[in-house]
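**Student:** Structure, please.
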Amino acid sequence: MSWRTTRAAARTQEHNRQVAVIDLGSNSWRVVVFTFNVGPDRWWRRTDELYETVRIGAGMGATERLSDEAIARGLETLTVFEHFLAAGELPPSQVHAVATSAIRDASNRDEFLERARASTSLRIEVLSAEEEARLGYVAAVNTSTLTDGAVLEIGGGSLQLVGVRDRRAQELTSLPLGAVRLTEEFLPGDGPARKKEMEALRTYVRGALTGLPWLGESGHRLVGIGGAVRNLAAAMQHSLDQPFDIGVQGFVLTPDALAELIDRLASMSTAERSEVPGIKPGRGDIVLAAALTIQTVVEVGGFDGIEATEAGLREGVFFDRELLGGRDEPLFDDVRAAAVSNLAIQYEADLDHVEHVARLSLQMWDSLRDAGLFEPGPSERELLWAASMLHDVGMSISYDDHHKHSRYLIVSAELPGFDPRERALIAQMSRYHRKGEPKLGVLATLARPGDEDLVARCSVILRLAEHLERGRDQSVREARLRANGGGVDLHLDAAGENLVLPRWSVERYGDGEAFERVFGRRLLIG
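**Tutor:** Below is the predicted model:
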């Protein structure tokens, strides 16, 4: 069967599946639908969701009970969720409903659970504090490159902190330091926050952290999950005038940036905070308490900042109980490789073709590096591999200008394991795999010195590899570039004598002018 009529996902005979995860947090409730395939070419994505700010834990700091008003809001929301799942033909066996600290800690939780059972078909699992922390760790480690450090999740009712060593959870801690609780106790007003109130909150959090001696010994990386972290990262991105469509995945809020953001939020009323770009209206009144808590954790732990991930508890449940269930540890072997393959499969890339383009690209990159023709940038080889794997995803939109469509899809994707700058570089390499003079364009605000040169040389190498694989038949088995006087010879090893199409494509469209402009040498086909 021709590659033109074969979808990448068809390399497996497994049928796609759907599950839903319902996350009943202390502040917000959410039902998320995941579509996935656990066959040899594993892929997954979030395909639908509903969100509601229920505030089930409102007022619990004083009463330790779920209020009648909060229970009514919760039951109404569960009824809506149930109808949503029924419309999507998702039976109870395909639904994981979990509740966290507010419901767990409420003295009348059994009353609420009984009423929920009576009014809906949903069966709610109340997570233990340790299990909630563990699932947060599963979400964070599978969407970042964290090896050693800590994971933070702050919700409305509690703060989870997990020590991580060699990608494995060590210390699992849950503290009653949720944003709703702390707001009600320390920042109850609607106007700008007073310095005395903020310092009292910091002191309280600092005191709670003194019982965690491991926190200051866990390393310099802190990965944060949950809505508060995402909102704060998005607000800082907006203030830095970074492209809004790049997402917060991998964005790091440094201590200085966090302090600047806190000063700005503290000077506003709660209504004004709700209007800050990046802050959801439902978090305007509690986001400052969350920011102050995170700032204190960063300070006490000596972290370089907090790294945001788009994941939340819902992804932790999904990874642990569905996609990676059955493993000794629910962890991807390589987060970046899994993310790239996931995106390529979702957009029906011809996997045999893109994998071979990646192989040829890396062979040529290695030979140029070994010849000393350039100084590699950080992670450059891995970024070239990712761009090679994803350069054709835009064909799912249209063949015409598919290089531009690929750029858009890569920028818009989360690509766990890569930060915003890295996603931008991958997107620009893919954008210029066909034609044009490589440049950073609107993504230049994310760049570091030397990134324009990095994109230029990787784009040219990817362009060459694409032409060598023009027949999509993997006929060129190996490609090496060797310095020869003032030029660079392209040496090919092919299956039989099948070099007619690759040679023609390179000579006709390979853009030797771009190669000479980037590497300062003429390209010669050996």
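
**Student:** Show me the strands in the stretch 101-250 of the chain, by range?
**Tutor:** With strands called from DSSP state E, counting those that start in this stretch, the stretch 101-250 of the chain shows them at 124-126, 149-154, 159-165, 168-175, 222-225.

**Student:** How about the stretch 401-526 of the chain?
**Tutor:** Going by DSSP E, counting those that start in this stretch, the stretch 401-526 of the chain shows strands at 476-484, 487-494, 522-525.

**Student:** I'd like those strands laid out as a markdown table, including distance to residue 401 and mean neighbour count.
**Tutor:** Heads up, the C-betas are built off the backbone N, CA and C, glycines and all. Shown next, in a markdown table, are the strands of the stretch 401-526 of the chain (distance: least, CB to CB, whole Å; neighbours: other CB atoms under 10 Å):
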| stretch | distance to residue 401 | mean neighbour count |
| --- | --- | --- |
| strand 476-484 | 26 | 18 |
| strand 487-494 | 28 | 17 |
| strand 522-525 | 26 | 16 |
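
**Student:** would you turn the ones you listed into JSON lines with mean pLDDT and distance to residue 59?
**Tutor:** Shown next, in JSON lines, are those (pLDDT from 0 to 100; distance: least, CB to CB, whole Å):
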{"stretch": "strand 476-484", "mean pLDDT": "93", "distance to residue 59": "67"}
{"stretch": "strand 487-494", "mean pLDDT": "90", "distance to residue 59": "71"}
{"stretch": "strand 522-525", "mean pLDDT": "88", "distance to residue 59": "71"}
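
**Student:** Just the element for residue 378, please.
**Tutor:** Using DSSP states H and E, residue 378 sits within no helix or strand.

**Student:** Please determine how far it is located from residue 308.
**Tutor:** Distance check for residue 378 against residue 308: by CB to CB, to the nearest Å, it reads 20 Å.

**Student:** which of those two has more neighbours?
**Tutor:** Neighbours were counted for residue 378 and for residue 308 using other CB atoms under 10 Å; residue 308 has more, 28 against 11.

**Student:** got the contact list for the residue sitting nearest the centre point of the chain?
**Tutor:** Centroid-nearest residue in the chain: residue 416, 3.6 Å away (criterion: CA atoms, centre = their mean). Counting by CB atoms under 8 Å, 6 or more residues apart in numbering, residue 416 touches 142-144, 249, 309-311, 335-336, 338-339.

**Student:** which among the residues you listed gets closest to residue 213?
**Tutor:** For the contacts of residue 416, the closest approach to residue 213 (CB to CB) belongs to residue 144, at 24.3 Å.

**Student:** Which residue, neighbours along the chain excluded, lies closest to that closest one?
**Tutor:** residue 223 (4.9 Å; CB to CB, 6 or more residues apart in numbering).

**Student:** how many neighbours does that neighbour have?
**Tutor:** Counted with other CB under 10 Å, residues neighbouring residue 223 total 29.

**Student:** can you check residue 445 too?
**Tutor:** As a burial measure, residue 445 scores 14 neighbours (other CB under 10 Å).

**Student:** so how far is residue 241 from it?
**Tutor:** Taking CB to CB, one finds residue 445 at 6 Å from residue 241.

**Student:** To residue 460, which of the strands of the stretch 101-250 of the chain lies closest?
**Tutor:** Comparing the strands of the stretch 101-250 of the chain against residue 460 with CB to CB, the closest turns out to be strand 222-225 (34.9 Å).

**Student:** From the contact counts, what lies against that closest one?
**Tutor:** Packing partners of strand 222-225 (3 or more CB pairs under 8 Å, 6 or more residues apart in numbering; DSSP states H and E): helix 129-141, strand 149-154, helix 287-301, strand 306-308.

**Student:** Export those as JSON lines, with columns for mean pLDDT and distance to residue 348.
**Tutor:** Output for the helices and strands packed on strand 222-225, formatted as JSON lines (pLDDT from 0 to 100; distance: least, CB to CB, whole Å):
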{"stretch": "helix 129-141", "mean pLDDT": "97", "distance to residue 348": "27"}
{"stretch": "strand 149-154", "mean pLDDT": "98", "distance to residue 348": "34"}
{"stretch": "helix 287-301", "mean pLDDT": "98", "distance to residue 348": "39"}
{"stretch": "strand 306-308", "mean pLDDT": "98", "distance to residue 348": "30"}
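
**Student:** got JSON lines for those, with distance to residue 500 too?
**Tutor:** JSON lines is the format used below for the helices and strands packed on strand 222-225 (distance: least, CB to CB, whole Å):
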{"stretch": "helix 129-141", "distance to residue 500": "49"}
{"stretch": "strand 149-154", "distance to residue 500": "53"}
{"stretch": "helix 287-301", "distance to residue 500": "60"}
{"stretch": "strand 306-308", "distance to residue 500": "50"}
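
**Student:** Of all these, which one is nearest residue 89?
**Tutor:** helix 129-141 (26.3 Å).

**Student:** Just the buried residues of the closest one, please?
**Tutor:** Burial within helix 129-141, assessed by neighbour count using 16 or more other CB atoms under 10 Å, is assigned to 129, 131-141.

**Student:** Could you do stretch 250-260 as well?
**Tutor:** Here stretch 250-260 shows 250-253, 257-258 as buried, counting by 16+ other CB under 10 Å.

**Student:** Over to stretch 403-417?
**Tutor:** Buried positions in stretch 403-417, judged by neighbour count with 16+ other CB under 10 Å: 403-411, 413-417.

**Student:** Could you list the residues in contact with stretch 57-76?
**Tutor:** With CB under 8 Å, 6+ apart as the test, stretch 57-76 has contacts from 24, 26-27, 29, 54-56, 101-103, 105-109, 111-112, 115-116, 119-120, 156-157, 178, 180-181, 184-185.

**Student:** could I get it in PDB with only the CA atoms?
**Tutor:** What follows is stretch 57-76, C-alpha atoms only, in PDB (Å, rounded to 0.1, in the frame of the first residue of the first chain):
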ATOM      1  CA  GLY A  57     -13.800  24.100  50.000                       C
ATOM      2  CA  ALA A  58     -15.000  27.700  50.600                       C
ATOM      3  CA  GLY A  59     -15.300  28.500  54.300                       C
ATOM      4  CA  MET A  60     -13.800  25.200  55.500                       C
ATOM      5  CA  GLY A  61     -11.000  26.900  57.300                       C
ATOM      6  CA  ALA A  62     -13.400  28.100  60.000                       C
ATOM      7  CA  THR A  63     -15.900  25.200  60.100                       C
ATOM      8  CA  GLU A  64     -14.100  22.100  58.700                       C
ATOM      9  CA  ARG A  65     -17.300  21.300  56.900                       C
ATOM     10  CA  LEU A  66     -18.500  21.600  53.400                       C
ATOM     11  CA  SER A  67     -21.200  24.300  53.400                       C
ATOM     12  CA  ASP A  68     -24.700  23.600  52.200                       C
ATOM     13  CA  GLU A  69     -24.200  26.100  49.400                       C
ATOM     14  CA  ALA A  70     -20.900  24.400  48.300                       C
ATOM     15  CA  ILE A  71     -22.500  21.000  48.300                       C
ATOM     16  CA  ALA A  72     -25.400  22.300  46.200                       C
ATOM     17  CA  ARG A  73     -22.900  23.800  43.700                       C
ATOM     18  CA  GLY A  74     -21.000  20.500  43.600                       C
ATOM     19  CA  LEU A  75     -24.100  18.300  43.000                       C
ATOM     20  CA  GLU A  76     -25.300  20.600  40.200                       C
END
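
**Student:** got the buried residues for it?
**Tutor:** 57-58, 60-61, 65-67, 70-71, 73-75.

**Student:** mind checking how far residue 380 is from residue 426?
**Tutor:** With distances taken as CB to CB, residue 380 is found 11 Å from residue 426.

**Student:** And these two? Which one has more around it.
**Tutor:** residue 426 (30 against 20).
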